[in-house]
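What would the 3D arrangement of this be:
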Amino acid sequence: MGFKKAGEFMIPLDEYPHIPYWFTLRETIAELESAEIETRGRTSLPRWVLVFDEKYQLMGTVRRRDILRGLEPEFLVGKPIDVRKGLFNVKVDPELSELSFDKMQDGMRKQAERRVSDVMLPIKATVDFEDHMVKVIYEMVDNNVSMIPVLKDKKVVGVVRSVDLLHEVVKIVL
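Okay, here's the model as predicted:
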């Protein structure tokens, strides 16, 4: 049987959400909300979006939590975590809570117009289309990532997610 190569169990790029770096967080959220990945008869929601430049070169990724962090209203950015947590740990007059909600909502809507490149993460590692799954495992573990881009001729052709890699490992160990 032997070990599979990355290209044999990756999700092709045309089936995985990817966007240009100039998309706003709002547009990125819309992309994530509409994306579904179907593998092995199961449908799942992506946890990341790949971010490309004008020349279709991979720049980075953005995770759901990066988007949520990026939506933090501007008046909270840079404040110590204790201050931010404190906003949600107070008892206030119910009438005043509406003012607070409106301020938070307006702040989030404003931040949603930021570019995704403001919150994206750089690529930590890639694997080649011909790399064996052992190399994919090594790169994921060594770089503490759960999704890794797959390259062929120096171009991104897909991604391997840890869930898909584990499925391949299951075939070997069980």
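
make it CA atoms for all contacts and neighbour counts henceforth
Noted.

Measure how buried D106 is and give me the count.
13 (other Cα atoms under 10 Å).

contacting residues for D153?
The contact partners of D153, taken as Cα atoms under 8 Å, 6 or more residues apart in numbering, number zero.

separation between it and R64?
29 Å (Cα to Cα, to the nearest Å).

swap in Q111?
Separation of Q111 from R64 (Cα to Cα) stands at 15 Å.

For these two, indicate the residue with more neighbours.
Q111 (20 against 15).

This protein: strands as residue ranges?
Remark: strands assigned in the chain by DSSP state E are 11-12, 18-20, 37-39, 42-44, 48-52, 58-63, 121-122, 127-128, 147-152, 155-161.

Pipe those strands into a markdown table and attach distance to F75 per row.
Output for the strands of the chain, formatted as a markdown table (distance: least, Cα to Cα, whole Å):
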| stretch | distance to F75 |
| --- | --- |
| strand 11-12 | 39 |
| strand 18-20 | 28 |
| strand 37-39 | 36 |
| strand 42-44 | 35 |
| strand 48-52 | 27 |
| strand 58-63 | 23 |
| strand 121-122 | 23 |
| strand 127-128 | 40 |
| strand 147-152 | 33 |
| strand 155-161 | 36 |
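
Of all those, which one is nearest R115?
Of all these, the one in closest proximity to R115, counting by Cα to Cα, is strand 18-20 (9.7 Å).

which residues touch the closest one?
For strand 18-20, the external contacting residues (Cα under 8 Å, 6+ apart) are 28, 49-54.
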